[in-house]
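Novice: predicted model and sequence follow; I will ask about them next.
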Amino acid sequence: MRSRLVKPALFLFALSFASAVPQLSAKKKPSNDAGPNAQKRAVHALNRLSFGPRPGDVQKVMAMGVDPWIDLQLHPEKISDSDVEARLAPFRTLRMSSREIVEEFPDNQAIKQVMDGKKPMPSDPAKRAVFQVQIARMEEKKEQKAEKPEVKTAAATPAATPVADSADGSAKTAEELAAAAAASPDAKPATAADANLASVPATDASGASAMAMNDAKDANSAAPSATEMPAPSTMEAKATPADDPAARRREERLYADLDIAQHLASLPPDQRFKKIMAMSVDEKVAFADSLRGGKGQEFLAGLDPKQKETLLAMNNPQGVVADELMQAKLLRAIYGERQLEEVMTDFWFNHFNVFVNKGADRVLITDYEQNVIRPHAMGKFEDLLVATAKSPAMLFYLDNWLSVGPDSMNAEGIPARPRPYGPYRYRRFPGPGPGPNPNNNAKRKQNSGLNENYGRELLELHTLSVNGGYSQRDVTEVAKVFTGWTIDKPFEGGGFLFDPRRHEPGPKFVLGKKIKPNGENEGKEVLHMLATSPQTAHFISLKLAQRFVSDDPPAALVDRMAKTFLKKKGDIREVLSALFHSPEFWDDGVYRAKVKTPLEFVASAVRATGADVDDAMPLARQLNNMGMPLYGAQPPTGYSMKADTWVSSSSLLNRMNFALALTSGKVRGVKVDVAQLAGGPPSPPDASLEISTMEAKLLTGDVSKQTHDSIVAQTAVAQAQPPAKTDRPPDASTIAGLLLGSPEFQRR
């Protein structure tokens, strides 16, 4: 029935979407908390300062008063957030330092060092199990790579009747070569169980973890468990050549996987974990394979957080870190009481974007959001700017940690001679000897490695804006200022380090101002100059107004916000207060005028339905489908806040499909009480009464006649489908899904 509903409903909603978006009208006085407009003000405040109202939120805000509620949200330290903290308690990585994350969830480089004997195998059984599985996989890949040339020769042979020479010189038909290729370790798996044994990278190009990207075509359905794999008897016809050790090992692992499914699921959690830790390496690999793609969840039920993380890390160590960070972001957006702080954390992370899938940022990004962005989200802009500039995640993302001044000690090859006190002291050595050879200076300077990435994005995206009045020379000079701002052992989770040997000596000239030689303090001087610039005040005010008011906010509002920014020395809380108490923010023309981003849509849908989320990863997979993987924006610009990026037929279809899946209980790990939304149980037998009840609960009655009539028509069509029953109650889950997919709910 749902397939009959989606396309007609989507067509009707798409027609009304553009015309239903209100334009910014003439300024009107903001409404008071009393009177008929009180509910509208509460809804507007919740839609803009939070990820959308939950059941009962509108009434709570009206009872408190909209203005007092806004003032409370501006001071999150006064709001208890114990509920969401309890939900985040199992995610241990959120409380780990980057160095601790690297130790417990190693990357391929750390694993290879242990495999090559450069580092000892961990003595802790849990950590050792993670290394054992990853090393076994690396060794198997190495064996397969060594066999690849022979396989490629066979694969290149045409599949028709012509013959080809085999490796031993005898002629073989294409059919024989194809059969040989099918038996090779690189052949396409014949069954889903075989495919499950294929190696999966830790993360994909979108930035989402391997578990988060599983089953993109059907992210709503539960993944099959290991017990659903084919029985051994169904695969015995596929004989594995005795001379193919890799294929034989895969088949043995498959049988071990089946044995695990049959014997471990029924054990108590502690015994289950001990049993897995006592397995042989091959058995551990088989078990780790059974968890690929989010499967085998029955093995994880009842385990304590550390045990669960260990078993997941056996399959994909760094995927655990990314998955916990994604789940935390969604759970905070859905359940957090400090909603404005969460909105601003998302805003600033997007403004100072870092891509999760770039090397060491997989482990550095947790600290970046937890300890750099979140604590400064409502503070002084300059403090936030300095914190991001010194963050290992930002230094790594924009490659500034590799930047070397063209005339620095490092570029010249001049060794540093530390004194027993004070800073490094050095001198130049003429000619050959312990110092550099002057004849090689030209080549050395050419390869000095000045990197302008951070300097450019600092001016263009973080502060002044693309039209901020700077030149290419300013970009180069700023890049020189920040030479030496690097990371102490980034792949081991190290922190910020200023290296004077990499720093460009001499004065620099930025925006017409001379920056005197002063080491690390040169960078702080430039950051202060940019943070207090009128161009920066205007740019930041414009972006805030775009997030909270409209895609094209009134210039007068932006100008007043910029004046507040400069007067209050970049105090973000004061700028937001000026914004929220402005007449432009309360203008009737901006009510439900901002199109939600995929994150805002998913979070608001879950909040509006009062859903209970046991596992947030299926929600993260939905965001992948909608084109907004969490922490997955590759360019420094982050994700757009404007409607034209997110409004298209395909994006509306994805949103409608998600809404219907959510309300029908097909998003794994998320439960919605649709009967409660419909005003029951029992559900009203009258469809129009049920629709009106849900319109009031999900959209506070803000539904156009066109949307209402469309849903009534779709409900009538659904009830007319066979088997036809005159007393058949309306489908509450479909009505709720259509309302969540409506143009009114798509906007905030």
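Specialist: Okay, I see it.

Novice: find the residue closest to the residue positioned nearest the centre of the chain in space, skipping its chain neighbours.
Specialist: With distances taken as CA atoms, centre = their mean, L630 lies nearest the centre of the chain, 1.9 Å away. Nearest non-adjacent residue to L630, counting by CB to CB, 6 or more residues apart in numbering: M326, 4.6 Å away. Just so you know, the C-beta spots here come from the backbone N, C-alpha and C atoms, and that holds for glycine as well.

Novice: N625 contacts S651, correct?
Specialist: No: in this structure, N625 is not within contact of S651 by CB atoms under 8 Å, at 9.7 Å.

Novice: joint contacts of the two?
Specialist: Counting by CB atoms under 8 Å, 6 or more residues apart in numbering, N625 and S651 have no shared contacts at all.

Novice: now name the helix or strand holding Q714.
Specialist: Assigned by DSSP states H and E, Q714 belongs to helix 705-720.

Novice: figure out how far that helix is from the centre of its chain.
Specialist: How far helix 705-720 lies from its chain's middle: 36 Å, per CA atoms, centre = their mean, to the nearest Å.

Novice: and that helix, what does it pack onto?
Specialist: Helix 705-720 sits against helix 2-20, helix 687-699, helix 732-740, with contacts defined as 3 or more CB pairs under 8 Å, 6 or more residues apart in numbering; DSSP states H and E.

Novice: try it again at 10 Å.
Specialist: Applying 3 or more CB pairs under 10 Å, 6 or more residues apart in numbering; DSSP states H and E, we find helix 705-720 packed against helix 2-20, helix 687-699, helix 732-740, helix 743-746.

Novice: show the average pLDDT along it.
Specialist: For helix 705-720, mean pLDDT is 77.

Novice: mind listing residues that contact stretch 116-127?
Specialist: The contact list for stretch 116-127 (CB atoms under 10 Å, 6 or more residues apart in numbering) reads 103-106, 110-115, 128-132, 135, 273-274, 276-278, 306-307, 309-311, 313-314, 317.

Novice: now those residues: which count as buried?
Specialist: 103-106, 110-111, 114-115, 129-132, 135, 273, 276-277, 307, 309-311, 313-314, 317 (16 or more other CB atoms under 10 Å).

Novice: looking at those, which are in helices?
Specialist: 103-104, 110-111, 114-115, 129-132, 135, 273, 276-277, 307, 309-311, 313-314, 317 (DSSP state H).

Novice: who's in contact with V281?
Specialist: For V281, the contacting residues are 129, 132-133, 135-136, by CB under 10 Å, 6+ apart.

Novice: from L267, how far off is it?
Specialist: Distance of V281 to L267, given as CB to CB, to the nearest Å: 21 Å.

Novice: just N108 next, same as before
Specialist: For N108, the distance to L267 - CB to CB - is 32 Å.

Novice: one more: D71?
Specialist: To L267, D71 is 54 Å away according to CB to CB.

Novice: repeat for L49
Specialist: From L49 across to L267, the span is 48 Å (CB to CB).

Novice: which of the two has more residues huddled nearby?
Specialist: Ranked by neighbour count (other CB atoms under 10 Å), L49 and L267 place L49 first, with 21 against 15.

Novice: per-residue confidence for the closest residue to that one other than its chain neighbours?
Specialist: Distance criterion CB to CB, 6+ apart; nearest residue to L49, sequence neighbours excluded, is L340 at 4.8 Å. For L340, the model assigns a pLDDT of 98.

Novice: for E252, same thing?
Specialist: pLDDT, read off for E252, is 55.

Novice: and if you look at R87?
Specialist: What the model reports for R87 is a pLDDT of 96.

Novice: what's the answer for L677, then?
Specialist: L677 is assigned 86 on the pLDDT scale.

Novice: at which residues are the strands of the stretch 551-700 of the chain located?
Specialist: 612-613, 670-671 (DSSP state E, counting those that start in this stretch).

Novice: ok, the stretch 351-500 of the chain next?
Specialist: Secondary structure of the stretch 351-500 of the chain, counting by DSSP E, counting those that start in this stretch: strands at 485-487, 496-498.

Novice: just those: most buried one?
Specialist: Counting by mean count of other CB atoms under 10 Å, strand 485-487 has the highest mean neighbour count of the strands of the stretch 351-500 of the chain, with a mean of 23.

Novice: what pLDDT, on average, does that strand get?
Specialist: 97.

Novice: other residues contacting that strand?
Specialist: For strand 485-487, the external contacting residues (CB under 10 Å, 6+ apart) are 98, 360, 364, 389-396, 400-404, 454, 493-499, 502-503, 520, 522-523.

Novice: K380: what's it in contact with?
Specialist: Residues in contact with K380 (CB under 10 Å, 6+ apart) are 386, 531, 568-574.
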